[in-house]
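Colleague: One predicted model, sequence on top.
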Amino acid sequence: MQSEDRAAGEPESGCTYPPRTSRWKLIGPGLVAAATGVGAGDLVATLVAGSRFGYALLWAAVLGCVVKIALSEGAARYHLATESTIFEGWRSLGAWTSWYFGIYIVVWGFIYGATAMSATALPLAVLFPILPLPAWAIVAGVASFLFVALNRYETFERVMKVLVAVMFVVITGLAVLVAPRLGDVLGGLVPSLPEGSVFYTLGLIGGVGGTITTAAYGYWVNAKGWRGPAWIPMMRLDNAVAYVVTGTFVVAMLIVGAELLHSAQIALAAGDRGLLNLSDVLEDRFGQPIAIAFLVGFAATAMSSLFGVWHGVSLLFSDFVEHMRGQTERSERPERRWPFRTYLAWLTFPPMLLLFFDEPFLLVIIYGVVGAIFMPFLAVTLLLLLNSKRVPDQDRNGWLSNGVLAASALLFVVLCVQQIWSFLAA
């Protein structure tokens with residue numbers, strides 16, 4: 001979200017900055033962040049919303065992308081304006097932030113590692129039924145570990161762009177194929193709340209497009225080589241383009257749910273397996289080639305989240321460890337340092353135990369509670385940091401940025417209370 005206090009003009013003197021004609025060629029970190037944030041769970045949430053309420057909640061999906069634009073822009077703007085990191089900003093707010101983040105990132109990584117590997121294995125097991133699901137999950141996790149550990153950011157970004165292209169072409173192609181009614185689609189942009197849709201609405205606004213990976217955007221911006229306030233206009237362009245692509249993708253998935261499932265009153269299985277139900281529906285209506293194309297898009301979506309989390313959250317953990325050890329000098333290649341690779345291994349190997357056993361109840365409760373708190377934590381801390389003296393006057397929040405972040409914080413607090421309540425009441 002562009003700050004009203006700073007015009008998107010020329011960079012400060014003495015700063016290296018690309019000419020305007022080359023800006024489009026530099027777009028990349030935003031696509032990485034957006035693709036990482038949209039995983040199989042987000043596809044299911046959007047698909048279920050479309051299947052239950054048709055186009056009525058389309059406006060919520062679009063608004064969710066606006067919220068993520070504001071959060072991602074704020075996190076990256078803090079990196080560029082202060083030439084530090086978001087974790088350094090959190091530490092400036094008190095020791096409690098380090099305690100919360102440390103607990104969160106360890107527990108989250110253990111549970112999410114198994115979830116992401118399983119989600120990636122689902123389409124692979126259907127496309128290539130030569131291995132059982134747990135084996136495909138292990139293959140996906142090890143492949144992600146090796147890919148992230150052995151490659152530079154530039155290679156990582158190129159591969160992520162390919163995955164984004166595959167998932168975007170497949171899902172938007174499906175949306176065109178099901179022949180949506182334009183009048184109904186446009187009508188869905190008018191805010192409304194059908195009966196029983198309140199928490200689906202909040203989930204679409206708050207859930208689609210990233211959680212902790214929203215905070216990782218600033219690290220990817222730096223990995224791209226963008227340092228200093230002069231890069232803020234480029235970052236805003238990159239971020240906006242990424243979420244336009246994401247918004248289109250999410251709208252396309254909701255259209256598929258509304259046209260294929262809502263009209264036929266078809267219910268989906270719970271969790272990521274609901275996407276396999278959609279594959280069966282597509283095969284019945286359009287034939288096996290279309291169903292296979294969807295499974296390829298499903299695999300690309302899950303894999304982009306897997307690669308993105310393995311890389312981005314490991315960068316966050318590396319920054320956390322280095323600062324807790326008192327090393328404030330930033331490494332040019334954190335991917336080569338032991339904290340990065342330690343967390344990469346933590347995401348990959350211990351969670352494999354959960355692929356064969358039910359998740360421990362207490363761990364699931366802890367994961368749900370600390371995870372629900374993260375997005376309110378991010379929104380509130382960004383509000384504090386981007387209005388503080390740590391940020392130069394011209395790069396602080398304007399009234400619009402403050403308004404969107406404040407509304408986001410309120411939304412995430414409501415979602416947090418609802419999620420914690422549902423976990424404790426289960």
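Modeller: It's in. Residues are numbered from 1 along each chain as shown.

Colleague: Go ahead and list the helix or strand containing G403.
Modeller: In this assignment (DSSP states H and E), G403 forms part of helix 399-425.

Colleague: Please read the previous query as pertaining to I232.
Modeller: I232 is part of helix 232-256 when elements are defined by DSSP H and E.

Colleague: Using neighbour counts, pick out the buried residues of that helix.
Modeller: Residues 232-243, 245-256 are the ones in helix 232-256 that count as buried (16 or more other CB atoms under 10 Å). The C-beta positions use only the backbone N, C-alpha and C, and glycine is treated the same way.

Colleague: Quick check on the residue nearest to L261 when sequence neighbours are not counted: phi, psi?
Modeller: Nearest non-adjacent residue to L261, counting by CB to CB, 6 or more residues apart in numbering: S51, 3.5 Å away. When read as degrees, to the nearest 10, the backbone of S51 gives phi -70, psi -30.

Colleague: Show me what the helix holding I232 is packed against.
Modeller: Applying 3 or more CB pairs under 8 Å, 6 or more residues apart in numbering; DSSP states H and E, one finds that helix 232-256 contacts helix 23-26, helix 29-37, helix 40-53, helix 58-82, helix 153-177, helix 212-223.

Colleague: In PDB, please show the C-alpha coordinates belonging to the last one.
Modeller: Extracted as PDB, the C-alpha positions of helix 212-223 are listed here (Å, rounded to 0.1, in the frame of the first residue of the first chain):
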ATOM      1  CA  ILE A 212       4.300 -15.900   8.000                       C
ATOM      2  CA  THR A 213       5.500 -15.800   4.400                       C
ATOM      3  CA  THR A 214       4.000 -12.300   4.300                       C
ATOM      4  CA  ALA A 215       6.800 -11.200   6.700                       C
ATOM      5  CA  ALA A 216       9.400 -13.100   4.500                       C
ATOM      6  CA  TYR A 217       8.800 -10.700   1.600                       C
ATOM      7  CA  GLY A 218      11.300  -8.200   2.900                       C
ATOM      8  CA  TYR A 219      14.000 -10.900   3.100                       C
ATOM      9  CA  TRP A 220      13.300 -11.900  -0.500                       C
ATOM     10  CA  VAL A 221      13.500  -8.200  -1.600                       C
ATOM     11  CA  ASN A 222      16.900  -8.000   0.000                       C
ATOM     12  CA  ALA A 223      18.000 -11.300  -1.500                       C
END
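
Colleague: pLDDT on that helix, on average?
Modeller: Average pLDDT, helix 212-223: 91.

Colleague: Next: stretch 96-108.
Modeller: 90.

Colleague: try stretch 242-259
Modeller: According to the model, stretch 242-259 has a mean pLDDT of 87.

Colleague: and what of stretch 337-345?
Modeller: pLDDT averaged over stretch 337-345 gives 94.

Colleague: Give me the buried stretch members for that stretch, please.
Modeller: Residues of stretch 337-345 classed as buried: 339-341, 343-344 (neighbour count, 16+ other CB under 10 Å).

Colleague: Three-state assignment for G225, please.
Modeller: Three-state call for G225 (DSSP: H, G, I helix; E, B strand; the rest coil): coil.

Colleague: ok, back up a step: if I take the helix holding I232 and helix 40-53, what angle do their directions form?
Modeller: Calculated by axes from the mean of the first three to the mean of the last three CA atoms, to 10 degrees, helix 232-256 forms an angle of 50 degrees with helix 40-53.
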